[in-house]
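J.: How does the following fold in three dimensions:
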Amino acid sequence: MVTQQFEQRTRELIDSLKAICAAYGLGNDGNEFKIITQVFLYKFLNDKFAFEVKKIRPELAKVESWEAAIAAMSEDDVEMLQMQMGPDTARLKPEHFIAHLFGRQNAPEFAKLFDDTLRDIAITNNDIFAVKTDGGAKITLFDRVSEFITDPSKRDAFCRAIINKLGDFSFERIFNEKYDFYAALFEYLIKDYNKDSGGKYAEYYTPHAVAKIMAAILVPESVRGKVNNVSCYDPSAGSGTLLMNIAHAIGEQRCSIYSQDISQKSSSLLRLNLILNNLVHSIPNIIQGNTMLHPYHRDGKALKKFDYIVSNPPFKMDFSDFRNELDTKEHQERFFAGVPNIPKQAVDKMAIYQLFLQHIIYSLKSGGKAAVVVPTGFITAQSGIDKGIRQHLVDNKMLAGVVSMPSNIFATTGTNVSILFIDAANKADVVLIDASNLGTKVKDGKNQKTLLANEEEDDIIATFNAKQAVEDFSVVVSYDDIAAKNYSLSAGQYFEVKIEYSDLTPTQFTEKLQGFTDRLDALFAESAGLEQEIRKKLAGLRHG
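T.: Reported below is the predicted structural model:
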């Protein structure tokens with residue numbers, strides 16, 4: 001019940017922030033997205049701080065204003081309180097509190113005070129919360145929010161409207177719940193941006209079904225709670241849906257997250273995701289940059305190898321600008337099956353997923369596991385880089401299996417997708433599942449989307465983890481079987497073709513054959529009659 005109330009209040013907060021943005025001319029503007037996520041985060045950090053200080057000093061939970069009680073403390077006492085807090089909590093000063101800004105909202109130049117407060121929180125907590133670029137620059141936690149309003153005379157009123165919305169409720173009660181804070185915020189927010197801007201924010205989002213299936217197969221129930229001190233990596237992380245799911249499966253304190261993404265917006269969203277999901281310790285490993293050209297994570301000079309890798313990489317993208325830089329001796333071992341050529345036309349359809357897939361295989365530890373979303377065409381291509389990658393996985397016995405998903409599992413793309421499971425420790429049988437007939441089709445705005453029921457998701461997971469063959473759904477095959485089928489990973493190519501036989505006596509056989517003969521004679525007679533009729537009609541036609 002608490003989580004439902006929280007979700008409802010979260011939606012109300014987002015709606016009210018959107019209404020403020022719309023009133024100041026920022027409705028459905030790219031900057032609206034930044035404002036709402038940053039203001040939400042400011043609110044969240046305040047409430048998390050309140051929750052932590054009341055745990056350390058229970059008497060603060062009993063006073064009328066915990067903010068006033070801390071403001072009355074000496075600097076040394078406040079510093080001591082901050083030192084006792086966990087690493088996931090922002091270090092806030094009394095002047096950073098929402099209550100402090102609320103009390104100062106009628107001061108002149110309030111917008112400057114609001115922005116200065118957010119920037120000071122960012123600077124004070126830079127070591128914990130800053131995301132790095134692959135060039136080493138730091139992207140701080142907050143922008144100067146009021147500056148998104150182009151008319152300076154309206155900035156004070158805009159910031160006053162925001163601060164008045166932030167005291168309406170508190171997240172404190174939810175911190176004891178095991179709840180994915182971010183899902184409520186992100187999905188509710190992205191839904192509108194996807195609809196209003198042709199789905200351009202879809203790059204930040206992977207459907208729940210895909211994320212759940214990946215995590216449950218990579219980290220089955222039988223090993224949960226036993227996996228410890230492992231690294232999880234996504235070379236095209238987006239907002240981190242896949243990383244959050246695998247971190248929840250392993251346990252947030254049992255793993256470290258590593259990521260890289262070329263998009264600055266993605267990296268900021270992922271940082272927000274980590275803060276909301278108790279994974280602040282991994283923020284220093286979040287890198288904004290070009291993974292293919294400048295992979296950042298290393299052990300010494302060599303590229304770092306990971307225990308778990310999850311990814312929903314971009315499928316097609318123009319990378320002609322740096323294609324030739326990748327096709328060199330330096331990158332030959334990483335891109336073992338080759339680098340796609342630059343086509344004369346449709347340069348934007350270059351198969352960049354082939355690079356990501358090879359990078360993932362190269363970045364996997366011995367005994368490591370990976371799950372990657374690929375276009376379904378990858379699993380059957382008869383030649384080229386796709387086949388070279390599949391052959392590498394089979395010949396080196398590092399494949400767990402494939403799940404071919406229903407069409408439109410991603411509402412924003414018509415491309416059919418499969419999930420490829422790589423397991424460097426699997427030397428035995430491989431599971432191939434055809435889940436393309438599952439799911440229910442629903443309208444999602446202008447697009448059609450396929451939703452899997454919970455039971456269907458659970459069936460896929462249970463069948464895969466049990467290595468179970470189910471008629472017309474799954475097969476269990478050897479590496480030799482796959483090699484004999486030209487390295488195809490399509491379950492349908494391994495299903496048995498069933499021919500139904502009927503036992504007939506000679507008399508029954510003769511009767512059946514006579515029935516077919518009589519029917520054919522009747523059809524031939526009807527055909528001859530029609531032929532005569534058509535000839536008569538044609539003969540009667542004259543030039544008019």
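
J.: all contacts plus neighbour counts: C-alpha atoms, from now on.
T.: Fine.

J.: By mean pLDDT, flag the weakest helix or strand of the chain.
T.: helix 181-196 (a mean of 57; mean pLDDT, DSSP states H and E).

J.: Can you name every helix or strand that the next helix or strand after that one contacts?
T.: Note on helix 181-196: by DSSP states H and E, the next helix or strand toward the C-terminus is helix 208-218. Counting contacts by 3 or more CA pairs under 8 Å, 6 or more residues apart in numbering; DSSP states H and E, helix 208-218 is packed against helix 241-250, strand 364-375, helix 454-465.

J.: Which strands or helices does the last one pack on?
T.: If contacts are counted by 3+ CA pairs under 8 Å, 6+ apart, helix 454-465 sits against helix 208-218, strand 430-434.

J.: for the spatially most central residue of the chain, what are its contacts?
T.: Nearest to the mean C-alpha position of the chain, counting by CA atoms, centre = their mean, stands residue 206 at 3.2 Å. With CA atoms under 8 Å, 6 or more residues apart in numbering as the criterion, the residues that contact residue 206 are 241, 242, 312, 410.

J.: Excluding chain neighbours, give the residue nearest to residue 379 in space.
T.: residue 489 (5.0 Å; CA to CA, 6 or more residues apart in numbering).

J.: isn't the one you found right up against residue 402?
T.: Yes: with contacts counted by CA atoms under 8 Å, residue 489 reaches residue 402, the gap being 6.9 Å.

J.: any shared contact partners between the two?
T.: Contacts common to residue 489 and residue 402, judged by CA under 8 Å, 6+ apart, are residue 432.

J.: Excluding chain neighbours, what is closest to residue 71?
T.: residue 94 (5.3 Å).

J.: distance of that neighbour from residue 491?
T.: Applying CA to CA, to the nearest Å, the value for residue 94 to residue 491 is 61 Å.

J.: Settle it for me: which of the two has more neighbours?
T.: residue 491 (23 against 17; other CA atoms under 10 Å).

J.: Report the separation between that one and residue 436.
T.: In terms of CA to CA, residue 491 sits 11 Å off from residue 436.

J.: swap in residue 274?
T.: From residue 274 to residue 436 the distance is 33 Å (CA to CA).

J.: The two: which has the busier surroundings?
T.: Counted by other CA under 10 Å, residue 274 and residue 436 do not tie: residue 274 has more neighbours, with 25 against 16.

J.: which SSE is that one in?
T.: Going by DSSP H and E, residue 274 is part of helix 264-276.

J.: Now do that helix: distance to the chain's middle.
T.: 12 Å (CA atoms, centre = their mean, to the nearest Å).

J.: now it and helix 241-250, what's the angle there?
T.: With axes from the mean of the first three to the mean of the last three CA atoms, to 10 degrees applied, the angle from helix 264-276 to helix 241-250 works out at 20 degrees.

J.: So which other helices or strands are in contact with the helix or strand just after helix 264-276?
T.: As assigned by DSSP H and E, the chain's next helix or strand after helix 264-276 is strand 286-288. Applying 3+ CA pairs under 8 Å, 6+ apart, we find strand 286-288 packed against strand 131-133, strand 255-261, helix 264-276.

J.: Partner strands of strand 286-288 and their direction?
T.: strand 131-133 (parallel), strand 255-261 (parallel) (DSSP bridges).

J.: I'd like those strands laid out as a markdown table, including mean pLDDT, distance to residue 342 and mean neighbour count.
T.: Listed next are the strands paired with strand 286-288 as a markdown table, based on pLDDT from 0 to 100; distance: least, CA to CA, whole Å; neighbours: other CA atoms under 10 Å:
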| stretch | mean pLDDT | distance to residue 342 | mean neighbour count |
| --- | --- | --- | --- |
| strand 131-133 | 84 | 28 | 22 |
| strand 255-261 | 93 | 23 | 24 |
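
J.: I'd like those as TSV, with distance to residue 45 appended.
T.: What follows is the strands paired with strand 286-288, written out as TSV (distance: least, CA to CA, whole Å):
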stretch	distance to residue 45
strand 131-133	17
strand 255-261	21
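
J.: what's the closest of those strands to residue 212?
T.: Closest to residue 212 of the strands paired with strand 286-288, according to CA to CA: strand 255-261, at 17.4 Å.

J.: Please save the CA atoms from that closest one in PDB.
T.: What follows is strand 255-261, C-alpha atoms only, in PDB (Å, rounded to 0.1, in the frame of the first residue of the first chain):
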ATOM      1  CA  CYS A 255      28.400  -5.900  -7.300                       C
ATOM      2  CA  SER A 256      30.000  -2.900  -8.900                       C
ATOM      3  CA  ILE A 257      28.500  -1.400 -12.000                       C
ATOM      4  CA  TYR A 258      30.600  -0.200 -15.000                       C
ATOM      5  CA  SER A 259      29.200   1.600 -18.000                       C
ATOM      6  CA  GLN A 260      29.900   3.700 -21.000                       C
ATOM      7  CA  ASP A 261      27.600   5.600 -23.300                       C
END
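
J.: who's in contact with that strand?
T.: Under CA under 8 Å, 6+ apart, the answer for strand 255-261 is 228-238, 243, 247, 267, 279, 281-283, 285-291, 295-297.

J.: Would you state the strands of the stretch 401-544 of the chain in chain order?
T.: Along the stretch 401-544 of the chain, the stretches classed as strands by DSSP state E, counting those that start in this stretch are 417-423, 430-434, 440-444, 447-451, 474-477.

J.: how about those, which one is nearest residue 538?
T.: It's strand 447-451; of the strands of the stretch 401-544 of the chain, that one is closest to residue 538 (CA to CA) at 49.1 Å.

J.: From the contact counts, what lies against the closest one?
T.: Secondary-structure packing of strand 447-451 (3+ CA pairs under 8 Å, 6+ apart): strand 440-444.

J.: Sheet partners, orientation included, of the strand it packs on?
T.: If you go by DSSP bridges, strand 440-444 pairs up with strand 447-451 (antiparallel).

J.: If you count neighbours, what's buried in the strand it pairs with?
T.: For strand 447-451, a neighbour-count test (16 or more other CA atoms under 10 Å) marks 448, 449, 450, 451 as buried.

J.: where in the stretch 1-150 of the chain is pLDDT low?
T.: For the stretch 1-150 of the chain, the stretches flagged by pLDDT under 70 are 1-3.

J.: The helix or strand harbouring residue 392 vs strand 417-423, what angle?
T.: Using DSSP H and E, residue 392 sits in helix 384-395. Helix 384-395 and strand 417-423 are oriented at 40 degrees to each other (the same axes, to 10 degrees).

J.: I'd like to check the angle between helix 384-395 and strand 430-434, please.
T.: Angle of helix 384-395 versus strand 430-434, following the same axes, to 10 degrees, is 130 degrees.

J.: what comes up buried for helix 384-395?
T.: For helix 384-395, burial by neighbour count (16+ other CA under 10 Å) applies to 385, 386, 387, 388, 389, 390, 391, 392, 393, 394.

J.: which residues touch stretch 360-377?
T.: By CA under 8 Å, 6+ apart, stretch 360-377 touches 214, 218, 235, 303-313, 315, 334, 353, 357, 404, 415-425.
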